[in-house]
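Chemist: Quick one, structure for this:
(one chain, ligands or ions: 1)
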Amino acid sequence: MSRVLIVGAGIAGDCLAVFLGRAGWDVTVVEIAPGLRTGGQTVDLRGGSREVLAELGLLDEVLTALVPQRGIAWIDDRERRLAAMPVEAFDGRGFVSSEELLRTDLARILHDAAAPLVQYRFADTVERLTSTADGVRVHFRSGDAEEFDLVVGADGAHSRTRGLTFGPEKNFRRPLGLAHAWFSLTEKQDTPTLDGWYLVHNVPGCRSVEARPGHRGEQEIGFTFAATDLPARAGRDAAIELLEREFADVGWRTAEFLAAARAAPDFAIDTYDQVHLERWSAGRVVLLGDSAWCASPLSGLGTALALHGAAELAQALASAGVRRHPDALGNALAAYESALRPRVTAAQKLLPGRVRMVAPRTALGIRGTALLMRAGQARLLKPVLERLAEGRGHD
Ligand SMILES: Cc1cc2nc3c(=O)[nH]c(=O)nc-3n(C[C@H](O)[C@H](O)[C@H](O)COP(=O)(O)OP(=O)(O)OC[C@H]3O[C@@H](n4cnc5c(N)ncnc54)[C@H](O)[C@@H]3O)c2cc1C
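Modeler: So this is what the prediction gives:
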């Protein structure tokens, strides 16, 4: 057994590509986008990401890409601070940690490590998967067909591999009630500076507008609002019209950000969802990352789980010796799942009130959150907020 197809060149897919490429597998990665997908906000190295990156020998490179951030501040529509939490408040492990990098940079570092070891098929995807006596016949959208020994679906929360193997998304998706749009704003001469601060402007009606410093002078912009589904999955224009309606009455720099969203090359929008599946594999198809267990960005652990999942899957395949003993594949996939399941289940258990904390419903709720953030840094209440910040919202 040696031929593996990984669907999705995201964090999980490219991390697995490095592990399996180095272990001698013949790896193909198919990615629907025309090139490596960039964009996204920051991810941090908590939850064990550091250890996996160190195992891959990529930690030093990752550490050179850290974003210089001074902290997080909750502001009103005139940018007056309601509360602020410097990076140092919880020894670098608060709501904004001292070890964060842009998702773009992590994706690029993993991709550069994988590229010499594996083949990429960009701008393509799986159209149909058919089980054969000793493999999976993959029909690509481009019209090609090839046989693989193993197919790994690492194609994100809206996974096509999952749809083809386990059924429609509605059976597994649990919306959390919020949606998020994000893009990079290239700094121009007259762009107000963030001075290293991640600014959050909460607005009644479960809405917030956020700007955080990037790595190269750009600002990463986010809009959060209440939604369980997005008719706007139809396309960018529809999505931006939706944002314009949702945020029409919002002050601060909202109008500037909405105008910039139209031109941003990396604009993206999605709902905050979780994905719950009873099993992550069926025959020779296995899911990895958000496609299998998306815990949502509110868990703060999407990247850590993706990296850990890739490491566990690679380890399980190696330990069972499936390259020489294909019959051991079932045991290897079961071992991967049982090693990872407890970690995933814990990450998916969001603390009560976690969703409302990100986007309070009322002006009172906004003031309450700001008060909690201020008071929570005082000695007496520190352990409570520390737990929230360290776990960033999960049990
Ligand atoms: C561009 C982008 C920006 C993101 N920004 C953030 C962020 O700011 N904050 C946050 O918490 N999380 C963000 N995420 C999600 C985050 O990366 C994941 O939650 C986490 O890293 C788990 O990684 P994953 O590899 O399972 O999924 P992802 O990182 O989402 O990767 C999935 C990959 O599969 C590809 N793909 C999708 N469908 C197909 C298909 N049919 N065929 C082939 N390939 C396909 C996608 O283009 C993508 O490259 C972002 C994801 C992307 C793709």
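Chemist: got the contact list for the residue of the stretch 201-350 of the chain found nearest the ligand?
Modeler: Distances between the stretch 201-350 of the chain and the ligand by CB to the nearest ligand atom are smallest at G289, namely 2.3 Å. C-beta: built from backbone N, CA, C; applies to glycine. Contact partners of G289, counting by CB atoms under 8 Å, 6 or more residues apart in numbering, are 8, 10-13, 154, 156, 305-306, 309-310.
Chemist: Let me have these in JSON lines, adding secondary structure, distance to the ligand and neighbour count as columns.
Modeler: As requested, the contacts of G289 are arranged in JSON lines below (DSSP: H, G, I helix; E, B strand; the rest coil; distance: CB to the nearest ligand atom, whole Å; neighbours: other CB atoms under 10 Å):
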{"residue": "G8", "secondary structure": "coil", "distance to the ligand": "3", "neighbour count": "28"}
{"residue": "G10", "secondary structure": "coil", "distance to the ligand": "2", "neighbour count": "28"}
{"residue": "I11", "secondary structure": "helix", "distance to the ligand": "4", "neighbour count": "28"}
{"residue": "A12", "secondary structure": "helix", "distance to the ligand": "3", "neighbour count": "31"}
{"residue": "G13", "secondary structure": "helix", "distance to the ligand": "5", "neighbour count": "30"}
{"residue": "A154", "secondary structure": "coil", "distance to the ligand": "5", "neighbour count": "31"}
{"residue": "G156", "secondary structure": "coil", "distance to the ligand": "3", "neighbour count": "24"}
{"residue": "L305", "secondary structure": "helix", "distance to the ligand": "7", "neighbour count": "28"}
{"residue": "A306", "secondary structure": "helix", "distance to the ligand": "4", "neighbour count": "31"}
{"residue": "G309", "secondary structure": "helix", "distance to the ligand": "8", "neighbour count": "29"}
{"residue": "A310", "secondary structure": "helix", "distance to the ligand": "9", "neighbour count": "28"}
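Chemist: For the residue of the stretch 201-350 of the chain closest to the ligand, give me the pLDDT.
Modeler: What the model reports as pLDDT for G289 is 98.
Chemist: now do the one 4 residues further on
Modeler: The model reports W293 with a pLDDT of 98.
Chemist: Also T193?
Modeler: 89.
Chemist: cool, the one 4 residues further on as well?
Modeler: Predicted confidence (pLDDT) for W197: 94.
Chemist: Looks like it contacts I75 (just checking).
Modeler: No. Taking contacts as CB atoms under 8 Å, W197 lies outside contact range of I75: 9.1 Å.
Chemist: so where do the helices sit in this protein?
Modeler: Chain-ordered helices for the chain, with DSSP state H as the definition, fall at 11-22, 49-55, 59-63, 103-114, 160-166, 236-246, 254-263, 290-293, 302-319, 329-348, 354-358, 363-375, 382-391.
Chemist: Distance to T228 for these - can I get that in JSON lines?
Modeler: Putting the helices of the chain into JSON lines (distance: least, CB to CB, whole Å) gives the following:
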{"stretch": "helix 11-22", "distance to T228": "25"}
{"stretch": "helix 49-55", "distance to T228": "29"}
{"stretch": "helix 59-63", "distance to T228": "35"}
{"stretch": "helix 103-114", "distance to T228": "24"}
{"stretch": "helix 160-166", "distance to T228": "19"}
{"stretch": "helix 236-246", "distance to T228": "14"}
{"stretch": "helix 254-263", "distance to T228": "22"}
{"stretch": "helix 290-293", "distance to T228": "18"}
{"stretch": "helix 302-319", "distance to T228": "19"}
{"stretch": "helix 329-348", "distance to T228": "17"}
{"stretch": "helix 354-358", "distance to T228": "11"}
{"stretch": "helix 363-375", "distance to T228": "20"}
{"stretch": "helix 382-391", "distance to T228": "25"}
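Chemist: between those helices, which gets nearest to R137?
Modeler: Using CB to CB as the criterion, the shortest distance between R137 and those is 12.3 Å, found for helix 160-166.
Chemist: wait, what's in contact with the closest residue to R137 other than its chain neighbours?
Modeler: Taking CB to CB, 6 or more residues apart in numbering as the measure, R137 lies nearest to T130, with 4.4 Å between them; neighbours along the chain are not counted. With CB under 8 Å, 6+ apart as the criterion, the residues that contact T130 are 136-137, 139.
Chemist: between those residues, which has the most around it?
Modeler: Highest neighbour count within the contacts of T130, by other CB atoms under 10 Å: V136, with 21 neighbours.
Chemist: Return the distance of it relative to the ligand.
Modeler: 15 Å (CB to the nearest ligand atom, to the nearest Å).
Chemist: so I221 sits right up against L185, yeah?
Modeler: Yes. When contacts are counted by CB under 8 Å, I221 is listed as touching L185 (5.2 Å).
Chemist: right, so the helices of the chain: which one is the most enclosed?
Modeler: Relative to the other members of the helices of the chain, helix 290-293 carries the highest mean neighbour count by mean count of other CB atoms under 10 Å, namely a mean of 29.
Chemist: List every C-alpha atom in that one, with coordinates, as PDB.
Modeler: Listed in PDB are the C-alpha atoms of helix 290-293, where the atom choice follows Å, rounded to 0.1, in the frame of the first residue of the first chain:
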ATOM      1  CA  ASP A 290     -12.500  20.400  10.100                       C
ATOM      2  CA  SER A 291     -14.100  17.900   7.700                       C
ATOM      3  CA  ALA A 292     -14.300  15.300  10.500                       C
ATOM      4  CA  TRP A 293     -14.700  17.400  13.700                       C
END
